[in-house]
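[1] Take a look and give me a structure for this.
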Amino acid sequence: MKITLNWLKEHLETDASLSEITAKLTMLGLEIEEVIERSKGLEDFVVGQICEIDPHPNADKLQVCTIDVGSEILRVVCGATNIRKEMKCVFAAPGSHIPGLDVVLKKTKIRGVDSSGMLLSEYEMGLSENHEGIKEVDKNSPIGTSAVEAMGLDDPVIEIAITPNRGDCLGVRGIARDLAASGLGSLKHLPSKFLKGVFKSPINVHIDLDKGNLDACPQFIGRYIRNVKNVESPIWLKDRLLSIGIKPISALVDITNLMTIEYCRPLHVFDADKIEGDIHVRIAEDGEKILGLDNKEYALDSKMTIIADEKTPRAIAGILGGEVSGCTMETVNVFVESALFDPIRTATTGRRLNLQSDARFRFERGIDPEFLETGLEIATQLIIDICGGEASRILDVGALQKRDLKILFRPERIEELAGLNIEKKEMKRILSVLGFSISVSGNLWNVSVPSWRNDINSEACLVEEIVRVFGYDQIPSTPMHRSDVVPQVAWNPDQKNRSFVRRTLAS
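    Predicted coordinates:
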């Protein structure tokens with residue numbers, strides 16, 4: 001799981017430093033695998049603005065750009081096809097090291113024209129494999145300032161190893177929640193006001209599952225959004241995805257990827273005009289096939305859950321969308337899916353197809369079943385803000401049985417099981433910030449488990465949560481009394497002989 005520091009701070013109000021945050025994450029059981037300083041080697045690059053573009057006198061595919069770099073006006077020969085007047089880009093002066101090419105730039109003549117520097121692509125900066133055009137930076141970035149700051153590359157990437165039981169921390173918000181509980185800041189509130197749908201969706205949804213398969217998709221929420229304009233994502237969204245190694249594709253696709261990483265809420269967006277009739281969630285038939293968004297064909301069988309229209313499969317539920325109904329830059333109307341799929345079936349299907357995806361990785365570990373509608377609302381707002389359009393009223397099909405788990409908790413069990421003396425006020429604070437609800441009756445606490453914590457099922461789990469957040473390092477070291485010391489194991493002759501033979505053979 002990769003996140004950036006600034007992305008984390010969009011959900012966590014904190015003044016803590018990077019080192020404090022990474023140290024605390026490790027103590028919380030969210031082990032840090034790597035911290036990547038993306039600005040390393042890019043410190044000399046600045047923001048430049050293209051003032052004029054003239055054709056190269058001796059080369060049809062080259063152009064001569066007049067660049068304002070703040071301190072001076074320079075001429076640079078460039079072959080990129082995406083340059084335009086007033087565009088702000090990344091400029092490297094002569095003497096700069098270009099990481100992607102591993103060369104030191106020199107002032108030179110290109111086909112007879114002096115070129116004082118270079119306009120850089122992501123590939124040349126060593127950020128990605130994209131070398132089709134120069135990197136554009138935000139139009140509000142001041143000319144001559146650090147390109148690292150303008151592109152957000154001063155924002156370090158934190159890679160965290162998430163254990164299988166902590167599916168809630170496969171989203172930035174879940175990690176922020178744990179840090180808030182540890183006292184390293186406060187969790188920011190989610191948006192509470194959303195757009196209202198203004199028309200009825202022309203596409204309906206049907207869950208066509210028999211009683212033996214109802215757990216395959218207990219609930220499906222969706223909505224139709226019409227008259228969108230699928231565009232290239234804004235720079236902030238592209239840079240956010242690139243920072244964690246996800247290639248931007250288009251605004252509609254990038255928004256679903258953002259929702260997966262930020263909120264652990266996998267979504268899928270269908271091109272509604274490519275859907276024939278209504279949407280049906282059903283079990284696949286043996287021999288059915290689907291062309292995935294990865295451009296590979298998959299053979300389905302009767303143990304797999306799919307999303308289909310009236311004629312053919314359109315997505316492998318919880319894992320991968322289909323190419324035929326995928327969104328392109330020509331997409332005008334979309335249907336957004338926010339559904340819940342069975343973890344075991346999802347994992348089994350992924351293994352049978354040898355198919356891994358960010359969605360599968362989360363579904364098979366268990367996602368928050370009560371975040372379906374809120375996740376859809378947040379995604380809808382992003383789509384309309386970036387792509388325009390008009391949203392339908394939400395379709396809600398199926399009936400999710402909520403996991404209304406309440407656990408009786410005795411505060412004294414903290415000291416009995418962990419040897420820690422923690423104030424009840426602090427215990428309540430930790431549980432409350434983690435999302436647990438508490439009602440007190442005498443010396444018993446009735447604790448309601450939040451929907452995103454499917455790993456909590458007993459009083460001992462609550463003890464572990466409180467101790468984990470309070471700090472395992474706070475558990476005192478207690479010397480054993482002589483009477484408590486376990487005596488040395490006495491081997492019988494047969495055990496001694498076996499050990500002697502092993503050691504002799506090994507030597």
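[2] what about the stretch 351-500 of the chain, any weak spots by pLDDT?
    480-489 (pLDDT under 70).
[3] please redo it, this time with the cut-off set to 90
    399-404, 419, 441-443, 473, 475-493 (pLDDT under 90).
[4] residues contacting the spatially most central residue of the chain?
    Among the residues of the chain, the one closest to the centroid is residue 261, at 1.5 Å (C-alpha atoms, centre = their mean). If a contact means C-beta atoms under 8 Å, 6 or more residues apart in numbering, then residue 261 has 3, 171, 172, 244, 246, 358 as its contacts. Where C-beta positions appear, they are placed from N, C-alpha and C, glycine not excepted.
[5] so which of the residues you listed comes closest to residue 65?
    Nearest to residue 65 among the contacts of residue 261: residue 246, at 30.5 Å, using C-beta to C-beta.
[6] Pull the CA coordinates from the lengthiest helix in the chain and hand them back as CSV.
    Criterion DSSP state H: the longest helix present in the chain is helix 372-387. Provided in CSV are the C-alpha atoms of helix 372-387 (Å, rounded to 0.1, in the frame of the first residue of the first chain):
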residue,chain,number,x,y,z
LEU,A,372,-21.3,1.8,-0.7
GLU,A,373,-23.6,4.8,-1.0
THR,A,374,-21.2,7.4,0.5
GLY,A,375,-18.4,6.2,-1.8
LEU,A,376,-20.8,6.5,-4.8
GLU,A,377,-21.8,10.0,-3.7
ILE,A,378,-18.1,11.1,-3.4
ALA,A,379,-17.3,9.6,-6.8
THR,A,380,-20.3,11.3,-8.4
GLN,A,381,-19.2,14.7,-7.1
LEU,A,382,-15.8,14.2,-8.6
ILE,A,383,-17.1,13.1,-11.9
ILE,A,384,-19.4,16.1,-12.2
ASP,A,385,-16.7,18.5,-11.0
ILE,A,386,-14.2,17.3,-13.6
CYS,A,387,-16.4,15.9,-16.5
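[7] ok so, going back, please, which helix or strand holds the residue nearest to the centre of the chain?
    Assigned by DSSP states H and E, residue 261 belongs to helix 251-263.
[8] tilt between that helix and helix 372-387?
    140 degrees (axes from the mean of the first three to the mean of the last three C-alpha atoms, to 10 degrees).
[9] who's in contact with the helix or strand following helix 251-263?
    Under the assignment DSSP H and E, the closest C-terminal helix or strand after helix 251-263 is strand 268-271. Contact with strand 268-271 is made by 252-253, 255-256, 279, 307, 314-315, 321, 325-328, 331, 333-337, 359, 383, as judged by C-beta under 8 Å, 6+ apart.
[10] from those residues, which ones fall inside strands?
    Among these, the members falling in strands (DSSP state E) are 279, 307, 314, 315, 321, 334, 335, 336, 337.
[11] which of those residues are buried?
    Among these, those scoring as buried are 279, 307, 314, 315, 321, 334, 335, 336, 337 (criterion: 16 or more other C-beta atoms under 10 Å).
[12] pretty sure residue 46 contacts residue 144?
    Yes: at 5.6 Å, residue 46 counts as touching residue 144 under the criterion of C-beta atoms under 8 Å.
[13] between those two, who's got more neighbours?
    Neighbour totals were compared for residue 46 and residue 144, and residue 46 leads with 23 against 15 (other C-beta atoms under 10 Å).
[14] who does the more buried one bridge with?
    Beta bridges link residue 46 to residue 91, residue 146, judged by DSSP bridges.
[15] mind listing the helices for the stretch 51-200 of the chain?
    For the stretch 51-200 of the chain, the helices defined by DSSP state H, counting those that start in this stretch cover 122-125, 147-150, 172-181.
[16] So which of the ones you listed is the most surrounded?
    The highest mean neighbour count among those, using mean count of other C-beta atoms under 10 Å, belongs to helix 172-181: a mean of 24.
[17] Residues contacting it, please?
    Around helix 172-181, the neighbours that count as contacts under C-beta under 8 Å, 6+ apart are 1, 3, 7-8, 10-12, 14, 21, 24-25, 28, 30, 160, 166, 168-169, 185-188, 261-264, 430, 433-435, 452, 469.
[18] likewise stretch 56-70?
    Taking C-beta under 8 Å, 6+ apart as the rule, stretch 56-70 contacts 46-55, 73-79, 83, 91, 93, 110-113, 117, 119, 142-145.
[19] Ok, stretch 188-205 next?
    Stretch 188-205 has contacts (C-beta under 8 Å, 6+ apart) with 10-13, 176, 220, 222-224, 226, 272, 275, 278-281, 335, 374, 377-378, 380-381, 384, 390-395, 397.
[20] Among the residues you listed, the buried ones, what's the PyMOL command?
    Entered in PyMOL, the line below selects the buried ones among the contacts of stretch 188-205, by 16+ other C-beta under 10 Å:
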select buried, resi 11+12+176+220+222+223+224+226+272+275+279+280+281+335+374+377+378+380+381+391+392+394+395+397
